[in-house]
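Enquirer: give me coordinates for this.
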Amino acid sequence: MQTLWLIIQREFVSNVLTSRFMIGFIVCLLSTAVAVFVQIDDYETRLAGYNTAVREAATEAPEWELYSKIKPKAHRKPNPLGIFNVGTENFGANTVTVELAKPIFELNFPMWGAPTQKRGSDNPFLTIFLTVDVVFIFKIVLSALAILFAYNTISGEREDGTLKLVLSNSIPRDIIVLGKYLGGMLSLFPIVLVSLIVALLMALSSGVAAFDGNDIAHVVLIFAVSLLYVSTWYLLGLLLSIWTKTATTSLILSMFIWVLLTSVHSNIVTFAVEKFPPHQMKPESVFLQSASEVWNQFRKERDAYLKQRGYENITKSITWEPQTTPTGTRSSSWSGGYFLIENYSVNSVSKADTSIFQEILGYQEQLRAEYAGKAEEILNKPAEERERNAKFADALSRISFADVYHFAVGTIAGTDRQHYNDFIQNSRAYKREIVEYLKDKEAFSSRAWFSNDQGPAALTDLPGFEHKRLSLSESFSRASVDILILLAWNIVLFMVAYVSFLRYEMS
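Expert: As a prediction, this is how the structure comes out:
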């Protein structure tokens, strides 16, 4: 054990006293600080947009005097951990408007009246630092530092003759490998720790981001995964240093693999999947046409019900009170291919018997909600196909442990694509909750659906959208596969380096 500790100390001191340690430390610290500064400003912009949207929604609610007019909204709250990993924070919809006849979906081209809306960011720095965040700095800079610390661990000592002296002693080779690995990681540890602490302190001192205990726990987990990632690169550099005879060869080979895995690989995979997607997608206009056919089916079923009940002409079906003039109803409809809204009103409603009208609406509006769900299933198919292609690209990208690290941290931070998809799914669940709320209140057949002559609709107990954040255990569970992949890479690389050094020949 004493021998192991001496090797660790020697490796640690030899790394810390070099100029590469100081330069690497300063570069990592400064680049992290700049990235955090830019992302704090962007987070503040997103948070301001969110707060404005929530206030506007709160002012709209008192204006809903009819059940048919309610348009509650689901808002995506900015994630403070997005300061460390932006991920999908600047991607996709921030607000989803819930309407009975509007399916919740996303298409690539903009549509008038679409249920999903995006609040843009006007941060000018993001044109340069769009994806430069703490995790990006760690992914690039720390991996390069790990390579620079490890490339001459064995091959460098072979060239200057110190390795032959070490091997001539009775020190077991497994102790040498383990000591060099632990010493190298110990010298990288303060760079990772200080950089992350500075990033966290900057975020906390900004007064913009409110971190709770759960967020701090997630940051600690990000730190642990970052160390595991750095360890992977250090072990790769150590292995290549064992396999090559000169430090120069080891460095060139290490940097080639570094460029390939950190930059080239993911871009090639993304380009290949975009050009040759495994799941071919139909034009989105096809799905819009199918959704329009759904609404035609709704009309047929609604009209069949009216005919069966003898209410083919709504105006003639309403019975008016004695000594009044039958002025009938007004109706208007709008079909946008993906939604169908029909607004009805009754002239002189205070003098009319609207019981038949209310019966029709009680059947019709529940039926409309069901058909909106059918249209939603159709309109979600393009997004589902895109997601399948994206998952295929992710699977190919996981060949690179740099991308595995990116996926793992994004999942822990809650800024990955799955968390965005969860927001859309939760919005759909919120819409179903609103529909059930209206059913329980018998709002569809209520007079307050189309008139406020007997008082406005009772909406004091209208459900609100709940923003959900995952606990640490849930985040860890989601990221467990990527963390296990990193751990497996560490084990495999260490074992190969260990066996290779046991068989190492000085000749």
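
Enquirer: where does this protein dip in pLDDT?
Expert: 109-113, 119-130, 312-337, 343-345, 347, 506-507 (pLDDT under 70).

Enquirer: ranges for the strands of it?
Expert: Along the chain, the segments classed as strands by DSSP state E run 73-75, 95-97, 116-117, 319-320, 329-335, 340-346, 352-353.

Enquirer: run the chain-centre distance for the second one.
Expert: What that stands for is strand 95-97. Its chain's C-alpha centre and that of strand 95-97 lie 17 Å apart, by Cα atoms, centre = their mean, to the nearest Å.

Enquirer: helices or strands up against that strand?
Expert: When contacts are defined as 3 or more Cβ pairs under 8 Å, 6 or more residues apart in numbering; DSSP states H and E, strand 95-97 sits against strand 73-75, strand 116-117, helix 417-440. Where C-beta positions appear, they are placed from N, C-alpha and C, glycine not excepted.

Enquirer: do that again at 6 Å, thanks
Expert: The criterion is 3 or more Cβ pairs under 6 Å, 6 or more residues apart in numbering; DSSP states H and E, and the helices and strands that strand 95-97 contacts are strand 73-75.

Enquirer: so how far is the strand it packs on from its chain's centroid?
Expert: 17 Å.

Enquirer: and stretch 89-97, by the same measure?
Expert: The answer for stretch 89-97 is 11 Å, by Cα atoms, centre = their mean.

Enquirer: over to stretch 38-51?
Expert: Taking mean C-alpha positions (Cα atoms, centre = their mean), stretch 38-51 and its chain are 17 Å apart.

Enquirer: and stretch 196-212, by the same measure?
Expert: 21 Å.

Enquirer: and if you look at stretch 213-225?
Expert: With Cα atoms, centre = their mean as the basis, stretch 213-225 stands 17 Å off its chain's centre.

Enquirer: and if you look at stretch 173-189?
Expert: On Cα atoms, centre = their mean, the centre of stretch 173-189 falls 36 Å from the chain's centre.

Enquirer: which strands and helices sit next to the top helix by length along the chain?
Expert: Longest helix in the chain, counting residues (DSSP state H): helix 19-60. When contacts are defined as 3+ Cβ pairs under 6 Å, 6+ apart, helix 19-60 packs onto strand 73-75, helix 134-137, helix 173-205.

Enquirer: tell me the angle that helix makes with helix 173-205.
Expert: 40 degrees (axes from the mean of the first three to the mean of the last three Cα atoms, to 10 degrees).

Enquirer: ok, residue 107 touching residue 283?
Expert: No - Residue 107 is beyond contact range of residue 283, at 10.6 Å (criterion: Cβ atoms under 6 Å).

Enquirer: higher neighbour count, those two?
Expert: Taking other Cβ atoms under 10 Å, residue 107 and residue 283 do not tie; residue 107 has more neighbours (16 against 9).

Enquirer: okay, now the closest residue to the more buried one other than its chain neighbours: neighbour count?
Expert: Closest residue in space to residue 107, ignoring its immediate chain neighbours: residue 284 at 5.0 Å, by Cβ to Cβ, 6 or more residues apart in numbering. Residue 284 has 17 neighbouring residues, counting by other Cβ under 10 Å.

Enquirer: what ranges do the helices span in the stretch 401-507 of the chain?
Expert: 401-413, 417-440, 472-502 (DSSP state H, counting those that start in this stretch).

Enquirer: those: which one's closest to residue 67?
Expert: Nearest of the helices of the stretch 401-507 of the chain to residue 67, taken as Cβ to Cβ: helix 417-440 at 6.3 Å.

Enquirer: could you dump that closest one to PDB, C-alpha only?
Expert: Output in PDB follows, covering the C-alpha atoms of helix 417-440 (Å, rounded to 0.1, in the frame of the first residue of the first chain):
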ATOM      1  CA  ARG A 417     -35.100  15.600 -25.600                       C
ATOM      2  CA  GLN A 418     -37.100  13.100 -23.400                       C
ATOM      3  CA  HIS A 419     -37.900  15.800 -20.900                       C
ATOM      4  CA  TYR A 420     -39.200  18.000 -23.700                       C
ATOM      5  CA  ASN A 421     -41.300  15.200 -24.900                       C
ATOM      6  CA  ASP A 422     -42.600  14.800 -21.400                       C
ATOM      7  CA  PHE A 423     -43.800  18.400 -21.400                       C
ATOM      8  CA  ILE A 424     -45.800  17.800 -24.600                       C
ATOM      9  CA  GLN A 425     -47.200  14.500 -23.100                       C
ATOM     10  CA  ASN A 426     -48.100  16.300 -19.900                       C
ATOM     11  CA  SER A 427     -49.800  19.000 -21.900                       C
ATOM     12  CA  ARG A 428     -52.000  16.300 -23.500                       C
ATOM     13  CA  ALA A 429     -52.700  14.800 -20.200                       C
ATOM     14  CA  TYR A 430     -53.700  18.300 -18.900                       C
ATOM     15  CA  LYS A 431     -56.100  18.600 -21.900                       C
ATOM     16  CA  ARG A 432     -57.700  15.300 -20.900                       C
ATOM     17  CA  GLU A 433     -58.000  16.600 -17.400                       C
ATOM     18  CA  ILE A 434     -59.800  19.700 -18.600                       C
ATOM     19  CA  VAL A 435     -62.200  17.500 -20.700                       C
ATOM     20  CA  GLU A 436     -63.000  15.400 -17.600                       C
ATOM     21  CA  TYR A 437     -63.500  18.500 -15.600                       C
ATOM     22  CA  LEU A 438     -66.100  19.800 -18.100                       C
ATOM     23  CA  LYS A 439     -67.800  16.400 -18.100                       C
ATOM     24  CA  ASP A 440     -68.000  16.300 -14.300                       C
END
